[in-house]
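# Structure for this input, please:
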Amino acid sequence: MTAYPVSDRLPREFAPGLYWLGGCSDSGAWPTRKGATTHEHLATYLVAGTEKTLLVDTGHYAQWDGIRRQLDECLDGRPLDYVFPTHHEIPHAGNLGRLLDLHPGAVAVGDTREYHLYFPEIAPERLRRTRAGDALDLGGTRFEFLDPVWYDLSGTLWGYETRGRTLFTSDGLGYIHDHSPEVCGLLPGEVPADAPEHGVRRFALPFVGMRYHRMGPGVARYRELVREHPVRTVCSAHGAPLSGEHLAEVTERALRVVEENRQSISGPSTLDRTEATR
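Numbers count the residues shown, from 1 in each chain. Next up, the predicted model:
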């Protein structure tokens, strides 16, 4: 058993030019962990325009071999042009040095002010700071950098891809699914009714500190953001891509949890069998 499995179902092209890569963190394989186990999505996403490519988050460094294979499959001989770590944590930035070494023409974008301390081997000119309001033309689509509604760390940025109307929310709107390898790599609507365990075990929005702050204003800001940037799919680093009825369902459930300042750390699945499969 590995603590950081890479799903055999990934990578997947879930919309034209948009690919879901990565795997899960399996708490059942962590040393000293006792009790019920859960899988937490560790997702990274490739945005492929007609001219340029951009990777959102780098994936966990423990999953490097699998992510490298997945990325090679998605690129299919194309170069990787941009790597966007949404913030400094290991699942989001851990493979940055490896990626830039593997793709010598690529540059890191985002709030890169401190990455030279984490990766001193990266040449400074390959760390290109972008701010909310900046955008990259990828050919046939633009990638826009947004202020996050919820900051996971001070250097967090979100992103929006215009062709597919896809919002990349870093940790926001993520969720942890019950321990079941059969569910890994499946979209919410694909989860079989007879899966041994499945569903949303807790929301990750944000991970910690919810009960110590007023969260209602953040919910209002999120609703304003999606009015300004119409969203077809939400891609969290800790969730499967959400679209259609599942986007509305999971998002509204998560926002209620946040607005009510509920910690939502553990307990039974909040998405039951009928809701997960309809």
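# and the spatially most central residue of the chain, what is it in contact with?
With distances taken as Cα atoms, centre = their mean, residue 237 lies nearest the centre of the chain, 1.6 Å away. By Cβ atoms under 8 Å, 6 or more residues apart in numbering, the contact set of residue 237 is 41, 42, 43, 44, 56, 57, 86, 91, 92, 170, 171, 174. C-beta coordinates here come from the backbone N, C-alpha and C atoms, glycine included.
# Sort these by pLDDT and name the bottom one.
For those, the weakest pLDDT value sits at residue 174, with 81.
# is it true that that one touches residue 236?
Yes. At 3.8 Å, residue 174 counts as touching residue 236 under the criterion of Cβ atoms under 8 Å.
# all strands for the stretch 51-200 of the chain, in order.
Counting by DSSP state E, counting those that start in this stretch, the stretch 51-200 of the chain has strands at residues 53-56, 82-84, 107-110, 127-129, 135-137, 142-146, 158-161, 166-168, 174-178, 200-204.
# what residues does the first one touch?
What that stands for is strand 53-56. Residues outside strand 53-56 that contact it (Cβ under 8 Å, 6+ apart) are 44-47, 71, 75, 78-84, 86, 99, 109, 136, 138, 143, 159, 168, 235, 237.
# what does stretch 61-72 give?
3-4, 6, 10-11, 21-23, 42, 44, 46, 55, 58-59, 80, 90, 94-95, 98, 102.
# Over to stretch 9-19?
20-23, 45-49, 70-71, 73-74, 140-141, 161, 163-164, 166, 184-187, 232-233, 235, 241, 243.
# change it to 7 Å
Residues outside stretch 9-19 that contact it (Cβ atoms under 7 Å, 6 or more residues apart in numbering) are 20-23, 45-49, 70, 73-74, 141, 163-164, 166, 184-186, 233, 241.
# Pull out the buried positions in stretch 221-238.
Neighbour counts over stretch 221-238 (16 or more other Cβ atoms under 10 Å) mark 222, 225, 229, 231, 233, 234, 235, 236, 237, 238 as buried.
# Please report how far the fourth one lies from residue 26.
It stands for residue 231. Per Cβ to Cβ, to the nearest Å, residue 231 is found 30 Å from residue 26.
# How about the third one?
From residue 229 over to residue 26 the distance is 34 Å, taken as Cβ to Cβ.
# Sticking with residue 254, tell me its helix or strand.
Element membership for residue 254 (DSSP states H and E) is helix 244-259.
# can you give me the mean pLDDT across that helix?
What helix 244-259 shows for mean pLDDT is 80.
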